[in-house]
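*Asks:* What follows is a predicted protein model with its sequence.
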Amino acid sequence: MLTRDEMMTLFKTGIAAAEPRAAVRESLREMPVAFDGRLFVIALGKAACAMAEAALDMVPAPARALVVTNYENAAPVAGAEIIAAGHPVPDENGLRAAALVEEALAEAGAQDHVLVLVSGGGSALLPAPVEGLSLAEKAEVNRILLAGGMDIVAMNAVRQHLSRLKGGGLLQAAYPARVTALILSDVIGDDLRAIASGPTVAPIAPRPHVVEMLRASGMWTRLPEGAQRALLRAEEDLPARGADNRLIGSNRQSLEAMAREMPQAEIAAHPLIGDVEEAAQVILRAVEAGTPLMLYGGETTVTLCGDGRGGRNQELALRVAMALEGRTGWRFLSGGTDGRDGPTDAAGAIVDGESVARIRAAGGDPAALLANNDSYRALQLAGDLLITGATGTNVADLQILSLEPSG
């Protein structure tokens, strides 16, 4: 069975495999960006600074370079303007960033080239509400979708129709310039339409389908009126545009790097997606199966019932620990590759058969804390939080299950 330190090292191997600078350099070496006029660089997402830094080392001086990232990952990049904005709830800085991006794209002409560097988190970081929708209403939509446990693809299908830049909007704004997008995927399955809400690709679903989905989930009536009006508008007949979209990093690539580091490890056939309670059952079945070392990738969802703090990785780890309370010979890690799980400073947690006992010994009630969605507090009491700090990348979540060999 792996020690806690060994699990942490293996988790960091997965993160390193999604290192944005290396991924950008490799892509631009293999397929350089060619243009006759000027170059514009637009980087958005949690890995935006690192991606922009690598790109600007390899291309001629751009006419303009804008980098939009979250506050934790903001860092100076020579030759670029940095805008830090709110995530997961958009804020005024994100609104200002979107206006600057639109201003830059309006300058691009037919001989110019726009290099777009996309990573997870870009959807919330670059809010450009459609006409009739305020930023406050757009932020409220985000809160409702997150609290309702909607998965990232469904969330982005909604958000695309509430923004001028999502769902191919950035591509439309860049016309007539050519567009190349280097994309670091935080979405399981790597659907380019869902990563950062697909600024350079077509929408996930038409508006009527999105409305139907929201009504079926019970969220429609909770949406602000401005969002409802925007989603009920007739579809616009926009001309088709094309971009050179390149996938340069993903969850699967991180899992494969971890497996190379630990050849005895087995990568799960299916990702951990859907409700966190169901994902916990997948882990419990794997424990019963007895495979010594299993690797998982995915992105679960949590339905909020309480007012505690935590995230999907912390809640998954806590649920597994409670289900296997007192059982020895196992250890489980669940962590977000961006280093942040929900609105906390933890990436996730590493739990074992004594975790629940440690929570109780510290005066906590695991069941009550879980019911209040307060997994952070529970795991803090156990000393089980996984703290990495901001990693500068984001390819969804990674999980490691390690068991004592049978016999």
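*Replies:* It's in.
*Asks:* At which residues are the strands of this protein located?
*Replies:* Remark: strands assigned in the chain by DSSP state E are 39-44, 64-70, 81-85, 113-118, 178-184, 244-249, 266-267, 272-275, 293-301, 330-336, 348-352, 385-386, 397-403.
*Asks:* Among these, which comes closest to A139?
*Replies:* Nearest of those to A139, taken as Cβ to Cβ: strand 81-85 at 11.7 Å. (Glycine included, C-beta is placed from N, CA and C.)
*Asks:* For the closest one, give me every contacting residue.
*Replies:* 49, 64-71, 74-76, 91, 93-94, 96-97, 100, 124-126 (Cβ atoms under 8 Å, 6 or more residues apart in numbering).
*Asks:* Show me what counts as buried in it.
*Replies:* By neighbour count on 16 or more other Cβ atoms under 10 Å, the buried set for strand 81-85 is 82-85.
*Asks:* Kindly reformat these as TSV containing distance to V356 and pLDDT.
*Replies:* TSV is the format used below for these (distance: Cβ to Cβ, whole Å; pLDDT from 0 to 100):
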residue	distance to V356	pLDDT
I82	43	98
I83	44	98
A84	39	97
A85	39	97
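*Asks:* And the residues you listed, which is closest to P224?
*Replies:* For those, the nearest to P224 is A85 (20.5 Å; Cβ to Cβ).
*Asks:* separation between the residue nearest to that closest one when sequence neighbours are not counted and F332?
*Replies:* Excluding the flanking residues, the one nearest A85 by Cβ to Cβ, 6 or more residues apart in numbering is G94, at 3.6 Å. Distance, G94 to F332, using Cβ to Cβ, to the nearest Å: 35 Å.
*Asks:* re earlier: which residues touch the residue nearest to A85?
*Replies:* For G94, the contact set (Cβ under 8 Å, 6+ apart) comprises 68, 83, 85-86, 124-127.
*Asks:* Just the buried subset of the contacts of strand 81-85, please.
*Replies:* The neighbour-count test (16+ other Cβ under 10 Å) marks 49, 64-70, 74-75, 91, 93-94, 97, 100, 124-126 as buried among those.
*Asks:* any weak-confidence spans in the stretch 151-300 of the chain?
*Replies:* Applying pLDDT under 70 to the stretch 151-300 of the chain flags the ranges 237-240.
*Asks:* got the residue ranges for the helices in it?
*Replies:* 152-160, 169-174, 207-217, 225-232, 251-261, 276-289 (DSSP state H, counting those that start in this stretch).
*Asks:* which stretch among these comes nearest S197?
*Replies:* Ranking the helices of the stretch 151-300 of the chain by proximity to S197 (Cβ to Cβ) places helix 152-160 first, at 4.3 Å.
*Asks:* packing partners for the closest one?
*Replies:* With contacts taken as 3 or more Cβ pairs under 8 Å, 6 or more residues apart in numbering; DSSP states H and E, helix 152-160 sits against helix 122-125, helix 135-147, helix 207-217.
*Asks:* quick one: average confidence on the shortest one?
*Replies:* To tie it back to what came earlier, the one meant is helix 122-125. Helix 122-125 comes out with an average pLDDT of 90.
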